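>>> Quick one: sequence and predicted model below, then my questions.
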Amino acid sequence: MNESTIRVRLMKNDDFDAVVEIDEKVLKTSRQEFYEIKFEKLFKSKEYLPTSLVAEKPDGTVVGFIMGQLFMGEYGIFEDEANLDTIGVDPDYQKQGIGEMLVNEYMDHLKELGVRKVNTLVDRNDAKMLHFLNSNQFSASTTIVSLERIL
Ligand SMILES: CC(C)(COP(=O)(O)OP(=O)(O)OC[C@H]1O[C@@H](n2cnc3c(N)ncnc32)[C@H](O)[C@@H]1OP(=O)(O)O)[C@@H](O)C(=O)NCCC(=O)NCCS
């Protein structure tokens, strides 16, 4: 598969099954309910602008996705910070530049909407994801420190 034949477009409600399937292939466990809640929030709430994207082959098969939120503040003005909360590329199509393509298109799209900063959270032990994000110009936040309390 040549990277140039992959098209990135806005995610639709109909992409639900493909997203759940890719996530399951990546994590080897199904998170159908997690995505039901996410899709409900993204596609039914008026508080968020659709920003999530999918990468598809010419035959329409979805091979990757990126999801995040751009919250609409008071008076219908979008905030200048957004987040990236989930990304996944079908393991059969990884290491071909699709992940980078999704991140770049997501950033371009948000920039056009006036966003100046994109936050994401990543597990400190997830070396693969940390490496991917660092390669895609994410660096440790100077404003957010993640705190936790063990119960
Ligand atoms: C992280 C992830 C999104 C990366 O997707 P990807 O499509 O493989 O990303 P890219 O192809 O852009 O980059 C990955 C690597 O392939 C390399 N690559 C890109 N195109 C290449 C090509 N044509 N030939 C060889 N290598 C290539 C990149 O340089 C990069 O290498 P590096 O790791 O040494 O820096 C993917 O591995 C994934 O889905 N991981 C699981 C994420 C997850 O846990 N999601 C659920 C919770 S959020």
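Perfect, I can see it now. Just so we're clear, the structure is a prediction, and the values are computed from it rather than from any experiment. Numbering: from 1, shown residues only.
>>> what's the helix or strand for Gly88?
strand 81-89 (DSSP states H and E).
>>> Determine the three-state secondary structure at Val103.
helix (DSSP: H, G, I helix; E, B strand; the rest coil).
>>> In contact with it, which residues are there?
Ile66, Leu84, Ile87, Asn136 (C-beta atoms under 8 Å, 6 or more residues apart in numbering). Using the backbone N, CA and C atoms, a C-beta is placed for each residue, glycine as well.
>>> quick one: contacts of stretch 131-141?
Residues outside stretch 131-141 that contact it (C-beta under 8 Å, 6+ apart) are Gly99, Glu100, Val103, Asn104, Val118, Asn119, Thr120, Val122.
>>> re the thing from before, ok, is the strand holding Gly88 in contact with the ligand or not?
Yes. If you take C-beta under 6 Å from any ligand atom as the test, strand 81-89 does meet the ligand, through Thr86, Ile87, Gly88, Val89.
>>> so which helix or strand takes in the residue of the chain found nearest the ligand?
At 2.5 Å from the ligand, Gly99 is the closest residue in the chain, using C-beta to the nearest ligand atom. Here Gly99 is covered by helix 98-112, with elements defined by DSSP H and E.
>>> then that helix to PDB, C-alphas only?
What follows is helix 98-112 as a C-alpha-only set of coordinates in PDB (Å, rounded to 0.1, in the frame of the first residue of the first chain):
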ATOM      1  CA  ILE A  98      -0.300   6.700   8.100                       C
ATOM      2  CA  GLY A  99       0.000   7.600  11.800                       C
ATOM      3  CA  GLU A 100       2.100  10.700  10.900                       C
ATOM      4  CA  MET A 101      -0.300  11.600   8.100                       C
ATOM      5  CA  LEU A 102      -3.300  11.500  10.600                       C
ATOM      6  CA  VAL A 103      -1.400  13.600  13.100                       C
ATOM      7  CA  ASN A 104      -0.400  16.200  10.500                       C
ATOM      8  CA  GLU A 105      -3.900  16.500   9.000                       C
ATOM      9  CA  TYR A 106      -5.400  16.700  12.500                       C
ATOM     10  CA  MET A 107      -3.000  19.600  13.400                       C
ATOM     11  CA  ASP A 108      -3.600  21.400  10.100                       C
ATOM     12  CA  HIS A 109      -7.300  21.100  10.500                       C
ATOM     13  CA  LEU A 110      -7.200  22.500  14.100                       C
ATOM     14  CA  LYS A 111      -4.800  25.300  13.200                       C
ATOM     15  CA  GLU A 112      -7.300  26.500  10.600                       C
END
